[in-house]
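Undergrad: predicted model, plus sequence, below.
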Amino acid sequence: MSFDEAVDVSVSPNPTVADTATGGRSYRVVRGNNQPDEILAYDWHAVFSTSMAFNAQATSDDVDVAFPIRITATTIAVKQASGGIVTTPTSGDTEKYEFVIAAGGNSVSGVDATVGTTFEVWYDLPSLRKEAVITVAFTFVDDDGASFQKSVDFNVAP
């Protein structure tokens, strides 16, 4: 058994729905060759929440995490997709995104204790479409200093 099986993460809404981005968020495209950089507005904006808890497997002999557990990092990655399948850009372009979080805490006291986090994401995809797969990753350290990670993938509806 792995630490991954001892952590349950749910996402709401799933699939997530994106709307047209507003609010002035933008990113820089470096052009090079003495061409001026461009500042472009993000096309899409999505808001979703995660709920994370350690299940009873966390205290099994195979895993045996020591509570309390601290959440030390949270990251996301946005990838363009079609039908829920990641489609790697072929033109050399990359997905552009940024996010902010509102965390409900950074510590899990025991089995079945939950921690919620709300994410707000702005993104732009080479496909110019809004359908994406988002990966959220959490990094944890338990009371004995053991470090481990849990990630979850979910879709942004077309």
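TA: Yep, that arrived. As the structure is a computational prediction, the values presented were derived from the model and not from experiment.
Undergrad: only C-alpha atoms from now on, for both contacts and neighbour counts.
TA: Fine.
Undergrad: what's the longest strand in the protein?
TA: In the chain, with assignment by DSSP state E, the single longest strand is strand 69-82.
Undergrad: so what secondary structure elements neighbour the helix or strand following it?
TA: Using DSSP states H and E, the next helix or strand after strand 69-82 towards the C-terminus is strand 85-86. Under the contact criterion of 3 or more CA pairs under 8 Å, 6 or more residues apart in numbering; DSSP states H and E, strand 85-86 touches strand 132-141.
Undergrad: bridged to the most centrally placed residue in the chain, which residues?
TA: What sits nearest the mean C-alpha location of the chain, by CA atoms, centre = their mean, is residue 136, with 2.4 Å. When assigned by DSSP bridges, residue 136 has beta-bridge partners residue 76, residue 152.
Undergrad: ok, back up a step: ok now the longest strand of the chain, how far from the chain's centre?
TA: Here strand 69-82 is found 3 Å from its chain centre; the criterion is CA atoms, centre = their mean, to the nearest Å.
Undergrad: same question for stretch 4-20.
TA: 9 Å.
Undergrad: before we move on, what about stretch 93-107?
TA: Its chain's C-alpha centre lies 6 Å from the corresponding centre of stretch 93-107 when counted by CA atoms, centre = their mean.
Undergrad: got the buried residues for that stretch?
TA: Of the residues in stretch 93-107, 95, 96, 97, 98, 107 count as buried by neighbour count, 16 or more other CA atoms under 10 Å.
Undergrad: so for stretch 18-38, what gets flagged as buried?
TA: By 16+ other CA under 10 Å, the buried positions in stretch 18-38 come out as 18, 21, 25, 26, 27.
Undergrad: show me which of those residues is closest to residue 59.
TA: Taking CA to CA as the measure, residue 59 lies nearest residue 18 of these, at 37.9 Å.
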